[in-house]
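1. Sequence plus the predicted model coming up.
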Amino acid sequence: MILGRVVGTVWATRKDSQLVGMKFQIVQEVDLDYKLKSKFVVAVDSVGAGVGEVVLVAQGSSARQTEQTHNKPVDAVITAIVDKLDVSETVDIREGQL
Amino acid sequence: MILGRVVGTVWATRKDSQLVGMKFQIVQEVDLDYKLKSKFVVAVDSVGAGVGEVVLVAQGSSARQTEQTHNKPVDAVITAIVDKLDVSETVDIREGQL
Amino acid sequence: MILGRVVGTVWATRKDSQLVGMKFQIVQEVDLDYKLKSKFVVAVDSVGAGVGEVVLVAQGSSARQTEQTHNKPVDAVITAIVDKLDVSETVDIREGQL
Amino acid sequence: MILGRVVGTVWATRKDSQLVGMKFQIVQEVDLDYKLKSKFVVAVDSVGAGVGEVVLVAQGSSARQTEQTHNKPVDAVITAIVDKLDVSETVDIREGQL
Amino acid sequence: MILGRVVGTVWATRKDSQLVGMKFQIVQEVDLDYKLKSKFVVAVDSVGAGVGEVVLVAQGSSARQTEQTHNKPVDAVITAIVDKLDVSETVDIREGQL
């Protein structure tokens, strides 16, 4: 999954009929310090994520494994709202070693 | 899904027989200001998107989940025509924070 | 789909038995002016594309949706030979606007 | 598969119900000298990999082929903990030759 | 498929039980002159490719279409050992033209 922040919403009235009722959120990727990267993806929201929240996005066929997206032409879905990242401070020290 | 603008059409008479009757649109990716990026994809149009319109494109196996593309050798499909993007102005401020 | 030009052929006698009889073409990506980019992919040819021709390539599981590649370990297939690209001259003007 | 090092854990209480009980590890890609690259992925851990360990991650639909992730909206899974890489010293010499 | 050279092997005793008995080769991508690029992938070997050999690798769900990898959490498989690349010298001349 990728880690990103919800930065906005896409409005589209003319769309494939299977997409009616879905919410399309713009998720901009973040690094491990929550800093926004330039890359973004439009993802269906299956967990009620609001603008500003950091989320996990599943892509590809895995994006169709939620109740809302099953068999739908959707290739990205928000599957979780992140509470916290625990990132180890000591990993850098081991860099270059197995 | 990716966000892009339809910039043209591909004409191909010699093709897999399963592709007959499909319209192949050239969709160039855009950023959140609708500025064209260099990357583009050729996508089957399932919603009647015209040149100049901003659209959503689903890729991979999800591109085969429309009525027109079901079981076809198609890996990108236009699924929606974008009316509007609502992008939050305040997200930048929260950058670096959860 | 990606847009590319056939620039050569891969010869391989030792291969998975399911690949026997397939033609592996080297397809180098092109931009909208048909200029070669550095990226290339090896794709099974299902439409008789010759060296020098500009083609569409479907990737991922969609590459297995042709008669020749069904259920085979193939992740890229040439599905069409391009006759012409119609690229709009006016799209640039609209850049930055929906 | 990609090669990466587990550098941390994602905590998320609000998530798709199918993800309950899964452990989400942050896996940062490494090169063949185990040096961290900037790219990372969030992967479900199916083998008990701890922070600091070098692992293999399977992505896409293949990430759903473990007992724990079957039919779940998961697009990356840790499938192995690496003991050792054997990298040939002589390959460079042959560079440029078949 | 991508084109790469086998540069080494990954050893892993702690792994998903479905991976037992598979050989994990490190395949570094090459360009059309067989020069190593920086990108590499870890692929299951289904054709007996040795270190130093140039191979084709199928990725994604297509990597599960060999006898050895069927339904396994594997997203890259070596499907062929390359004997020769025939790359056209005249394609450059046609660059910029259909």
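-> Received, thanks.

2. what stretches of chain A score poorly on pLDDT?
-> Along chain A, the model assigns pLDDT under 70 to residues A:90-97.

3. Please enumerate residues in contact with stretch A:26-33?
-> Stretch A:26-33 has contacts (CB atoms under 8 Å, 6 or more residues apart in numbering or on different chains) with A:2-10, A:36-43, A:54-55, A:57, A:76, A:78, A:85, A:87, B:3, B:32, B:85, B:87, B:91, B:96, D:7-8, D:26, D:38, D:40. C-beta here means a position set from N, CA and C on the backbone, and glycine is covered the same way.

4. who in chain A is up against chain C?
-> By CB under 8 Å from any CB of the partner chain, the residues of chain A that approach chain C are residue A:61.

5. Leaving out the residues flanking it, which one is nearest to residue A:26?
-> Beyond its immediate neighbours in the sequence, the residue positioned closest to residue A:26 (CB to CB, 6 or more residues apart in numbering or on different chains) is residue A:8, lying 4.3 Å away.

6. all helices for chain A, in order.
-> Assigned by DSSP state H, chain A shows helices spanning A:91-94.

7. residue nearest the centroid of it?
-> By CA atoms, centre = their mean, chain A has its centre lying nearest to residue A:57, at 2.7 Å.

8. which residues touch it?
-> A:1-4, A:27, A:41, A:43, A:76-79.

9. From residue E:64, how far out is the residue in chain A positioned nearest to chain E?
-> Nearest residue of chain A to chain E: residue A:61, at 7.5 Å (CB to the nearest CB). According to CB to CB, to the nearest Å, residue A:61 stands 12 Å off from residue E:64.

10. coming back round to it: in strands, which of the contacts of residue A:57 appear?
-> Using DSSP state E, the members of those that fall in strands are A:2-4, A:27, A:41, A:43, A:76-79.

11. Among those residues, list the two that are farthest apart in space.
-> The span of the ones in strands among the contacts of residue A:57, defined through CB to CB, is set by A:3 and A:77 at 14.3 Å.

12. Give me the buried positions along stretch A:68-88.
-> For stretch A:68-88, the neighbour count (16 or more other CB atoms under 10 Å in any protein chain shown) marks A:68-69, A:72-82, A:85, A:87-88 as buried.

13. mind checking the end-to-end distance for that stretch?
-> 35 Å (CA to CA, to the nearest Å).

14. That stretch near chain E at all?
-> No. Under the criterion of CB under 8 Å from any CB, stretch A:68-88 makes no contact with chain E; the nearest approach is 13.0 Å.

15. just the strands in chain A please.
-> Ranges of strands in chain A, per DSSP E, are A:2-11, A:14-15, A:24-30, A:36-45, A:54-59, A:76-81, A:84-87.

16. how about residue A:76, what does it touch?
-> So residue A:76 contacts A:27, A:41-44, A:57-59, A:63, B:1 (CB under 8 Å, 6+ apart).

17. What parts of chain A come near chain D?
-> By the rule CB under 8 Å from any CB, the part of chain A lying against chain D is A:1-3, A:31-32, A:46-48, A:56, A:58-63, A:65-66, A:77, A:79-88, A:90-92, A:94-98.

18. And for the spatially closest residue to residue A:88 that is not a sequence neighbour, the neighbour number?
-> In space, and not counting its chain neighbours, residue A:88 is closest to residue D:51: 4.7 Å by CB to CB, 6+ apart. By the criterion of other CB atoms under 10 Å in any protein chain shown, residue D:51 has 17 neighbours.

19. What backbone torsions are found at residue D:51?
-> phi -60, psi 130 (degrees, to the nearest 10).

20. nearest to residue E:21, of the strands of chain A?
-> The nearest among the strands of chain A, by CB to CB, is strand A:54-59 at 29.7 Å.

21. What strands flank the closest one, and is each parallel or antiparallel?
-> Sheet partners assigned to strand A:54-59 using DSSP bridges are listed as strand A:2-11 (antiparallel), strand A:76-81 (antiparallel).

22. Dump these into CSV; add distance to residue C:15 as well.
-> Converted to CSV, the strands paired with strand A:54-59 look like this (distance: least, CB to CB, whole Å):
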stretch, distance to residue C:15
strand A:2-11, 34
strand A:76-81, 34
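
23. out of these, which comes closest to residue E:22?
-> Nearest of the strands paired with strand A:54-59 (CB to CB): strand A:2-11, 27.4 Å.

24. what angle separates the closest one from strand D:36-45?
-> Relative orientation of strand A:2-11 and strand D:36-45, computed by axes from the mean of the first three to the mean of the last three CA atoms, to 10 degrees: 80 degrees.

25. re earlier: kindly indicate which of the buried residues of stretch A:68-88 lies nearest residue D:21.
-> residue A:80 (12.8 Å).

26. who's the closest one bridged to?
-> In beta-bridge terms (that is, DSSP bridges), residue A:80 pairs with residue A:56, residue D:15.

27. Check residue A:10 too.
-> Beta bridges link residue A:10 to residue A:24, residue B:85, judged by DSSP bridges.

28. separation between it and residue D:73?
-> Distance, residue A:10 to residue D:73, by CB to CB: 20 Å.

29. Neighbours of the residue lying closest to residue A:28 once chain neighbours are set aside, how many?
-> Counting by CB to CB, 6+ apart, residue A:40 is the residue found nearest to residue A:28 once chain neighbours are left out, at 4.2 Å. Residue A:40 has 20 neighbouring residues, counting by other CB under 10 Å.
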